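Asker: I would like to see how this sequence folds:
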Amino acid sequence: MASSSLFSTCSLDRGSFGFKAIGFKKELMCSHLFNKLPAYSRVLTGVRSMKWNQNQHLSRNALKCNALEFENLPSFAVGKKFQLDDVIEAQQFDREVLSAIFDVAREMEKIEKKSPGSQILKGYLMATLFYEPSTRTRLSFESAMKRLGGEVLTTENAREFSSAAKGETLEDTIRTVEGYSDIIVMRHFESGAAKRAAATASIPIINAGDGPGQHPTQALLDVYTIEREIGKLDDIKVGLVGDLANGRTVRSLAYLLAKYQNVKIYFVSPDVVKMKDDIKDYLTSKGVEWEESADLMEVASKCDVVYQTRIQKERFGERISLYEEARGKYLVNQDVMKVMQKHAVVMHPLPRLDEITVDVDTDPRAAYFRQAKNGLYIRMALLKLLLLGW
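Answerer: Next up, the predicted model:
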């Protein structure tokens, strides 16, 4: 990756220009500020170093130009390749890439039916391979692809109704399916399966959840939702509640929250499903403050976000007594809502059982259905970026 790029600003007596794209070879295009500035302006977020390279004032035609050189910035220029070949785990993302993805997601929110943007993936095929049940993730990916003009090949419950039931290896399945499609979205029951698929495939792989491992696109939409709801990602307190041992969503979310400054994470869970040490060690290594607590009411009163999760019965196997012991211990109900701050929100990756009572749904701080809708825009953005680039 090149070490620097050039950012220029130009102003006229009767208007001003803003940059449309920044490239590493000092490429520059301008668009008038009366028009909508595209997502790529967020490239300035998290600049590590900057220096004045030139400062030229040209009087001809009342035009003034300034040039500023930035070092070590990723390129989010129009047409540039996306920084990732696959989306496998939350650790792949840094702040700059996250910010740029969120800008693209905001642009996706504005795409309407039959608009030019709704056909950008025309001619592309997405295959969904789901070896575990899914409603929101599978349907939001399929909706995202169709809303951008693409087509979908889908296999639901592939564990039972695909050649996997005959003993076909994951690698052979991936080699076959990539011949029919341009991108594969996969959910699997084994942790690490997405990495195996990506190592095999020559087309992009998106991890839609791999057992108790990770769920990176859920984490992306979660962080996107926090920014939309709270208005910031630095200087926040987040309570992760419920099944923290088996919940891949909370694991991926913890990795992403570690990218931001002055974040504190509270872990609230039954003893049998506490957050695993690898996440705690990672947070500590990144300087993220975390605390385990058994008092949901106290944590809820302090937090900007209460992120509730269900106790995952399917991960307990025959240990039904342990499941029953854990289920129902921490509920978000009206009592919890009363102690929460007015700006705080409740989130949940869904599906919900009884860990959030239904009377909470009408509270404006209940963000979980808005959160689910945000998944559509994040997944539209990822499909666009992986198949077309910036």
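Asker: quick one: low-confidence residue ranges for the stretch 101-250 of the chain.
Answerer: Low-confidence segments of the stretch 101-250 of the chain, defined by pLDDT under 70: 156-166.
Asker: strands along that one, start to end?
Answerer: Taking DSSP state E, counting those that start in this stretch, the strands of the stretch 101-250 of the chain run over residues 125-130, 151-155, 183-188, 205-210, 237-241.
Asker: and for the nearest residue to residue 268 once chain neighbours are set aside, the neighbour number?
Answerer: Nearest residue to residue 268 in three dimensions, chain neighbours excluded: residue 241, at 4.5 Å (C-beta to C-beta, 6 or more residues apart in numbering). Glycine gets a C-beta too; all of them are placed from N, C-alpha and C. When neighbours are defined as other C-beta atoms under 10 Å, residue 241 has 30 of them.
Asker: how about residue 209?
Answerer: Counted with other C-beta under 10 Å, residues neighbouring residue 209 total 27.
Asker: so how far is the longest helix along the chain from its chain's centroid?
Answerer: When the chain is parsed with DSSP state H, its longest helix is helix 368-388. Relative to the centre of its chain, helix 368-388 is centred 8 Å away, using C-alpha atoms, centre = their mean, to the nearest Å.
Asker: okay, angle between it and strand 125-130 too, please.
Answerer: If you take axes from the mean of the first three to the mean of the last three C-alpha atoms, to 10 degrees, helix 368-388 sits at 130 degrees to strand 125-130.
Asker: counting contacts, what elements does helix 368-388 pack onto?
Answerer: helix 95-109, helix 136-147, strand 183-188, helix 216-230, strand 345-347 (3 or more C-beta pairs under 8 Å, 6 or more residues apart in numbering; DSSP states H and E).
Asker: got a list of contacts for the shortest one?
Answerer: Identification of contacts with strand 345-347 by C-beta atoms under 8 Å, 6 or more residues apart in numbering yields 222, 225-226, 229-230, 304-308, 332, 337, 340, 356, 360, 363, 365-368, 371.
Asker: list buried residues within the residues you listed.
Answerer: Applying 16 or more other C-beta atoms under 10 Å to those, the neighbour count classes 222, 225-226, 229-230, 304-308, 332, 337, 340, 356, 360, 365-368, 371 as buried.
Asker: now for residue 339, how many residues are close by?
Answerer: Residue 339, neighbours per other C-beta under 10 Å, totals 14.
Asker: next one: residue 94
Answerer: Neighbour number of residue 94 under other C-beta under 10 Å is 12.
Asker: residue boundaries of the helices in the stretch 201-350 of the chain?
Answerer: 216-230, 248-257, 277-285, 296-302, 320-326, 334-339 (DSSP state H, counting those that start in this stretch).
Asker: I'd like those as TSV, with distance to residue 144 appended.
Answerer: TSV is the format used below for these (distance: least, C-beta to C-beta, whole Å):
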stretch	distance to residue 144
helix 216-230	10
helix 248-257	18
helix 277-285	28
helix 296-302	33
helix 320-326	34
helix 334-339	32
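Asker: now do the contacts for the residue nearest to residue 376 when sequence neighbours are not counted.
Answerer: Using C-beta to C-beta, 6+ apart and skipping the chain neighbours, the partner closest in space to residue 376 is residue 140 (4.9 Å). The contact partners of residue 140, by C-beta under 8 Å, 6+ apart, come to 372, 375-376, 379.
Asker: recalculate using a threshold of 7 Å.
Answerer: Residues in contact with residue 140 (C-beta atoms under 7 Å, 6 or more residues apart in numbering) are 375-376, 379.
Asker: nearest to residue 81 among the residues you listed?
Answerer: Nearest to residue 81 among the contacts of residue 140: residue 379, at 19.3 Å, using C-beta to C-beta.
Asker: was I right about the closest one contacting residue 217?
Answerer: Yes: look at residue 379 against residue 217 with C-beta atoms under 7 Å: they come within range, at 6.1 Å.
Asker: possible to save the strands of the stretch 101-250 of the chain as TSV with distance to residue 112?
Answerer: Compiled in TSV, the strands of the stretch 101-250 of the chain are given as follows (distance: least, C-beta to C-beta, whole Å):
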stretch	distance to residue 112
strand 125-130	21
strand 151-155	20
strand 183-188	24
strand 205-210	25
strand 237-241	34
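Asker: thank you, goodbye.
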